[in-house]
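# attaching a predicted model along with its sequence, questions to come.
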Amino acid sequence: MVARQSQLFIPTLREDPADAEAVSHKLLVRGGYIRQVSAGVWTFQPIGWRVHRKVEQIVREEMDAIGGQEMLMPVLTPVELWETTGRVSIPELFHLEDRSGRRFILPFTHEETVTFHAREIKSYRELPKILYHFSVKDRDEPRPRGGLLRVREFIMKDAYSFDRDEKGVLTSFEAHREAYKKIFARCGLETYDVQAESGVMGGKFSVDFLAPSGSGENTLVTCENGDYAADLEVARAVPREPRFPERLDAPTEVETPGVATIEALATLLGIDDAATSKAMPVVTEGGTLVLALVRGDDRLSETKLYDALRGASRPATGEEIRAAFGAGGGSLGPIGFEGEIVADEALREGQFVAGANRDGWHLRGVEAGRDYEPRFADLREPREGDRCPECGGALRFRTAIEVGHIFNFGTFYSGPLEATFLDEDGSEKPLLGGSYGIGPGRVLAAAVEQHHDERGILWPDAIAPYDAHVLALHGGSSEVLGVAEELAAGLDEAGLGVILDDRDERPGEKFADADLLGCPVRVTVGRKTLEDDAVDVRRRAETTDLRIARGDVLKWVQDR
RNA sequence: CGGGGUGUAGCUCAGCCUGGCUAGAGCGCUGCCUUUGGGAGGCAGAAGUCCCCAGUUCGAAUCUGGGCACCCCGACCA
């Protein structure tokens, strides 16, 4: 059926909404794709929903292709399921009660529920299984942002795999990784599968799919030579070489009155700031004071520190610092400190200026291994100018949207929920699970972020709301309108999705709306083209029309 | 949760500092006319809880206090 724009609900806006910042947010609202109902709560309007469903269908096909079975689990969930796995205390979880006081939650993921069902798997003969659904998720986000980028309610495709052993887990995981690559490629997205930050449940089977874009919450690090991609939080990188001053046989004190920053220190001593070290005392959850050391020009990565300490930590207070070092912040260093020292790899070789643990003094020529014994770890946050850890190539830093996340959760849920099976040897074992999510809304937003120009969206073919936008510049001419209708019907019969702008509007408005909506091809019928028994066609990405015979339109659209 | 910003017509905004007649503009909307290849023009018109509550004042969109909502930065993000 040809969609008649005169009948559709596509409220476009001439101006950017005042509260929008991200390009995808602006264009999706302006194009009438989405509207906000409340902070982080959005309606997909008819054409927005059309795009959403196209993304869903691609996801569905690729999930089915790896043996996934679609189902539908409820949103309303009894709290007991989550109490069993200990996840009720997650602050993002929405809670509610029914009239008699029974407690429920609105989950943001369905591991508990799917594992509840997986208890019906009794034998290794039934494994592996991949179950998935598309359903509404709720998250009580402290700060929704960026239109569809971070929301409080959204639809997610979440899939769950169940396997009998590590080999099966690996197979399921890699099948999903490949399926996801196909999904994003089909959606016209540039994405990278990268090691996700490990976090609580992490481990090596935790991979994020990042789509570089103008807005987003992650930073993607890629090598110019294409051999390395990582999330900034866990990325490895090679910092530049410092210009070291002359080597010293032993640390030498130097007075540095009033110097509290690396910048001031480097300036005062006339040295490279990369030839200094920065001391950050932190206190672990167990209450132990640990000294983290990074190069003066580097930033400490909190994620990496978390990994290095195998747990959370907080910056030490002024009193704790004074008690442990006998000096205040700004003059701290490794020498003379009694506790554990974790030093960044960049401090392994060379002599650095460090705090002397004496207010107003520093030490020159401090050398790891000779003057103090640290445990080395990668602690620094990579930054512009670093080189690729694989090949030494230049690294690129781009903001990115996380469009998918796949990870392995082992027995985290099957244990507490007692989802077990009998293995071939007759022993009872917990199912090994994996979890695989894709947010179609984010895919859609990322597609707009990656494909747009100053006039509007340029949808990738596979997810465009319509394949062809036929503009009837009829201006009261029933003949022109008739030809446009005929043409649209022809394209429709050939299986294309067609939207016909039959509105009683001026040409300029139709062109502007067509550009904004962003369908891949535009077909214009007007008095001028009729004179030539022709129509004008153009791809959305181009800026000029091509006049072709009416009879050639279908072929042109299909061959383009 | 910390910091910053905004809230006036459907949308984008002016007015607020320095209180004062009936609260404005552009776009959009309704009717009529004209026009019809990049948001054209004319005439007529509809449309407001000036975010809410309280206070100050003869008088509050404007000043004060409290609250709410939304946006941005940060924290958070199993």
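Everything's here; your move.
# tell me which element the closest residue to RNA strand B within chain A falls in.
Proximity of chain A to RNA strand B (Cβ to the nearest atom of the strand) peaks at A:G508, 2.3 Å away. Where C-beta positions appear, they are placed from N, C-alpha and C, glycine not excepted. Per DSSP states H and E, A:G508 falls inside helix A:507-517.
# can I get stretch A:255-274 in CSV, CA atoms only?
Extracted in CSV, the C-alpha atoms of stretch A:255-274 (Å, rounded to 0.1, in the frame of the first residue of the first chain):
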residue,chain,number,x,y,z
GLU,A,255,63.2,22.2,47.2
THR,A,256,59.9,23.0,45.5
PRO,A,257,58.1,25.5,47.7
GLY,A,258,54.4,26.0,47.0
VAL,A,259,54.4,23.5,44.1
ALA,A,260,51.2,21.5,44.2
THR,A,261,50.7,20.6,40.5
ILE,A,262,52.7,18.7,38.0
GLU,A,263,52.6,21.6,35.6
ALA,A,264,54.2,23.9,38.3
LEU,A,265,56.7,21.2,39.1
ALA,A,266,57.8,20.7,35.5
THR,A,267,58.0,24.5,34.9
LEU,A,268,60.0,25.1,38.1
LEU,A,269,62.6,22.4,37.4
GLY,A,270,62.6,23.0,33.6
ILE,A,271,61.8,19.4,32.8
ASP,A,272,59.3,17.4,30.7
ASP,A,273,56.1,16.8,32.7
ALA,A,274,56.3,13.2,31.4
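# quick one: buried residues of it?
A:256, A:259, A:262, A:265-266, A:269, A:271-274 (16 or more other Cβ atoms under 10 Å).
# same question for stretch A:90-103.
Using 16+ other Cβ under 10 Å as the test for burial, stretch A:90-103 gives A:L93.
# could you do stretch A:80-90 as well?
Buried residues in stretch A:80-90 (16+ other Cβ under 10 Å): A:81-82, A:84-85, A:87.
# intersect those residues with the contacts of RNA strand B.
Applying Cβ under 7 Å from any atom of the strand, the subset of the buried residues of stretch A:80-90 adjacent to RNA strand B comprises A:R87.
# still on that earlier bit, let me know the pLDDT of the residue of chain A closest to RNA strand B.
The model reports A:G508 with a pLDDT of 96.
# how many residues are close by it?
Burial measure for A:G508: 8 neighbouring residues, criterion other Cβ atoms under 10 Å.
# can you pull the contacts of it?
Contacts of A:G508 were listed using Cβ atoms under 8 Å, 6 or more residues apart in numbering, and none were found.
# state the distance from A:G476 to A:D504.
Distance, A:G476 to A:D504, by Cβ to Cβ, to the nearest Å: 8 Å.
# coming back round to it: which of the buried residues of stretch A:255-274 are close to RNA strand B?
Near RNA strand B, judged by Cβ under 7 Å from any atom of the strand, there are no entries from those.
# of these, which belong to helices?
A:262, A:265-266, A:269 (DSSP state H).
# of all these, which two lie farthest apart?
Spanning the widest gap among these are A:I262 and A:L269, at 10.8 Å by Cβ to Cβ.
# show me where the stretch 101-250 of chain A has strands.
Counting by DSSP state E, counting those that start in this stretch, the segments of the stretch 101-250 of chain A that form strands are A:103-106, A:129-138, A:153-163, A:192-195, A:206-212, A:218-223, A:229-231.
# over to the closest residue to A:I47 other than its chain neighbours: give its phi and psi.
Among residues not flanking A:I47 along the chain, A:P465 sits closest, at 4.4 Å (Cβ to Cβ, 6 or more residues apart in numbering). Main-chain torsions, A:P465, degrees, to the nearest 10: phi -60, psi -40.
# could you pull out the helices for chain A?
Going by DSSP H, chain A shows helices at A:23-30, A:46-65, A:79-85, A:111-118, A:166-186, A:262-269, A:302-309, A:318-325, A:440-450, A:478-493, A:507-517, A:527-531, A:553-559.
# which of these is buried the deepest?
Most buried of these by mean neighbour count (mean count of other Cβ atoms under 10 Å) is helix A:440-450; its value is a mean of 27.
# anything in that helix near RNA strand B?
No: remark: helix A:440-450 sits outside contact range of RNA strand B, by Cβ under 7 Å from any atom of the strand, the gap being at least 12.0 Å.
# can I get that helix as PDB, trimmed to CA atoms?
The C-alpha coordinates for helix A:440-450 follow below in PDB (Å, rounded to 0.1, in the frame of the first residue of the first chain):
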ATOM      1  CA  PRO A 440      16.900  -1.000  18.400                       C
ATOM      2  CA  GLY A 441      16.200   2.600  19.600                       C
ATOM      3  CA  ARG A 442      19.900   3.100  20.000                       C
ATOM      4  CA  VAL A 443      20.700   1.500  16.700                       C
ATOM      5  CA  LEU A 444      18.200   3.900  15.100                       C
ATOM      6  CA  ALA A 445      19.800   6.900  16.900                       C
ATOM      7  CA  ALA A 446      23.300   5.800  16.000                       C
ATOM      8  CA  ALA A 447      22.200   5.400  12.300                       C
ATOM      9  CA  VAL A 448      21.100   9.000  12.300                       C
ATOM     10  CA  GLU A 449      24.300  10.100  14.100                       C
ATOM     11  CA  GLN A 450      26.300   8.400  11.400                       C
END
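# fine by me, thanks again.
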